[in-house]
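Student: Give the three-dimensional model of this entry:
(one chain, ligands or ions: 2)
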Amino acid sequence: MLKLPENFRDYEEARREGFLKVKALKEQGINVVGIFCAYTPMELIYAAGAVPIGLCGTSEEPIPDAEMHLPKNLCPLIKSSYGFAISEKCPYFYFSDMLVGETTCDGKKKMYEILNELKPTHIMHLPQGQDKEHAFDYWKAELLRLKEVLEEKFNVKITDEMLRKAIKERNYERKILLDFYELGKLDPPPISGYEINTVLEALGFQFDRMKQCEFIKERTEELKEKYEKELKGKKTNRPRILITGCPLGGVRDKVIKTIEDSGADVVAFECCSGPREKMDLVDETIDPIDALTEKYLNVSCSVMTPNPRRFKTLDSMMDEYKIDGVIEVILQACHTFNVEAYNVKRFVTEKKEKPYLEIETDYSKLDVGQINTRINAFLEMI
Ligand code: SF4
Ligand code: SF4
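Tutor: Ligands and ions are numbered 1, 2, ... in the order given. Prediction:
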């Protein structure tokens, strides 16, 4: 496995450091909005002068608390997020002035209804598909409604100028992050998938985003240089793996680390822990609300039906990252990704003629040994 850099901070460390930073933000009078999904139009929150914070739970610790109210047979991401909220173990939830959720999967949208009793929660109604003409108008109306809600809550007027500024800044950030993700295209890769994933997920706890962008930009340059000087042209027998499916925050060690410790390189992520939301920039030349509507409607999550963009992305990523095998991660009880996995498997094995492995798991450590065995058997087959 590639060595982690000396100044590497693990996810939990970054999360803990973020606690003090969010407290400092509140002391400066800055509003905080808790969010859960790649469909949230963050530019609207920034334009309202507030800071968005991701509240998706990645730990099994608060799940028993959540199970006092929610069914056991529910996605661990939802239970973990809810458990953190009700047990008051998450300072990010505590310091959030309001929450914004979307009607994505059934579990999440019903969980938001209950969360509303703890914290004001605005739920955006997401269209179920992208191909109907009225989907755009429906989603645009939801963005305009969110704009009104933020204006009222934070007593601000969000102008087009403020939105354009937020769009520009976020686009700049997307380009830098995408450049970092695309280090995985280099062969052999100069960075482990574990580091890519950790650095980018920990970004959610860095509130000075521009400073953090500069750090990532420098790290990207450093690694490109390392590739040119030390790695270019060298052959390796480590298979190149793409991970697809559900968000990976809660199973990072169990899946990504195991794959890399078992002799393969995770070079690409087709999921919300990857460049899913970063690949399309927001159009800076048209009306800002129209541009944001178009951008966020196009996120290719399995909650959309049909979901052709996911297959287009998989197709191009598998070629561009020279993928030898695909591992799909399904969080337990995530029905949309679980059902769509049938088509993903056929796409990967029949159209792309590459091996495919599906892992259904949760945040517990109970299946660590079994996952290890299955990953090793899969890699031997490649
Ligand atoms: S997987 Fe889908 S529902 Fe979950 S965070 Fe990503 S876009 Fe949202
Ligand atoms: S992983 Fe699946 S079930 Fe869990 S929150 Fe995301 S879309 Fe919903």
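Student: What's the local residue count around Gly49?
Tutor: 16 (other CB atoms under 10 Å). All C-beta spots, glycine's among them, are computed from the backbone N, C-alpha and C.
Student: number of nearby residues for the residue nearest to it when sequence neighbours are not counted?
Tutor: Spatial nearest neighbour of Gly49, excluding adjacent residues (CB to CB, 6 or more residues apart in numbering): Val156 at 5.8 Å. By the criterion of other CB under 10 Å, Val156 has 15 neighbours.
Student: Tell me the predicted confidence for Val156.
Tutor: Listed pLDDT for Val156 reads 98.
Student: Over to Asp137?
Tutor: Value for Asp137, per-residue pLDDT: 97.
Student: Check which helix or strand it maps to.
Tutor: Following DSSP states H and E, one finds Asp137 within helix 133-154.
Student: quick one: the helix or strand that that helix is followed by to helix 133-154, angle?
Tutor: Reading on from helix 133-154 to the C-terminus, the next helix or strand found by DSSP H and E is helix 160-181. Angle of helix 160-181 versus helix 133-154, following axes from the mean of the first three to the mean of the last three CA atoms, to 10 degrees, is 110 degrees.
Student: which residues sit against helix 160-181?
Tutor: Helix 160-181 is contacted from outside by 42-44, 46-47, 196, 199-200, 203, 209-210, 213, 216-217, 219-220, 268-269, 274-275, 277-279, 281-282, 284, 287-289, 291-292, using CB atoms under 8 Å, 6 or more residues apart in numbering.
Student: Which among those count as buried?
Tutor: 42-44, 46-47, 196, 199-200, 203, 209, 213, 216, 219-220, 268-269, 274-275, 277-279, 282, 288-289, 291-292 (16 or more other CB atoms under 10 Å).
Student: Would you confirm that Leu70 contacts Ser80?
Tutor: No: checked against CB atoms under 8 Å, the pair Leu70 and Ser80 is beyond contact range at 10.6 Å.
Student: what's near enough to touch the residue nearest to Gly49?
Tutor: Contact partners of Val156, counting by CB under 8 Å, 6+ apart, are 48-49, 150.
Student: What parts of the stretch 201-350 of the chain come near ligand 1?
Tutor: By CB under 6 Å from any ligand atom, the residues of the stretch 201-350 of the chain that approach ligand 1 are 246-247, 272, 299, 301, 303.
Student: could you redo the residues you listed as CSV and give each row pLDDT and neighbour count?
Tutor: Putting those into CSV (pLDDT from 0 to 100; neighbours: other CB atoms under 10 Å) gives the following:
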residue, pLDDT, neighbour count
Cys246, 97, 27
Pro247, 96, 25
Cys272, 89, 21
Val299, 95, 22
Cys301, 96, 24
Val303, 97, 24
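Student: any idea which helix or strand carries the closest residue to Ala14 other than its chain neighbours?
Tutor: Among residues not flanking Ala14 along the chain, Ala202 sits closest, at 3.5 Å (CB to CB, 6+ apart). Here Ala202, judged by DSSP H and E, is contained in helix 193-202.
Student: Model confidence at the residue in the stretch 201-350 of the chain positioned nearest to ligand 2, what's the number?
Tutor: Across the stretch 201-350 of the chain, the shortest distance to ligand 2 (CB to the nearest ligand atom) belongs to Cys334, at 3.1 Å. With respect to pLDDT, Cys334 scores 98.
Student: go on, the one 10 residues further on?
Tutor: The score at Val344 is 98. That number is its pLDDT.
Student: Counting neighbours, go ahead and name the busier of Leu70 and Ser80.
Tutor: Ser80 (26 against 20).
Student: Quick check: the more buried one touching Ser59?
Tutor: Yes: the pair Ser80 / Ser59 is scored as a contact, 5.8 Å apart, by CB under 8 Å.
Student: so what sits against both of those two?
Tutor: Joint contacts of Ser80 and Ser59 (CB under 8 Å, 6+ apart) are 250, 363.
Student: Can you give me every residue that contacts the residue of the stretch 101-250 of the chain found nearest ligand 2?
Tutor: For the stretch 101-250 of the chain and ligand 2, the shortest gap (CB to the nearest ligand atom) falls at Cys105, measuring 3.3 Å. Going by CB under 8 Å, 6+ apart, Cys105 touches 75, 303, 334-336.
Student: Which residues are in contact with Val282?
Tutor: 43, 167, 170-171, 288, 291-292, 295.
Student: again, only using 7 Å
Tutor: For Val282, the contacting residues are 43, 167, 170-171, 291-292, 295, by CB atoms under 7 Å, 6 or more residues apart in numbering.
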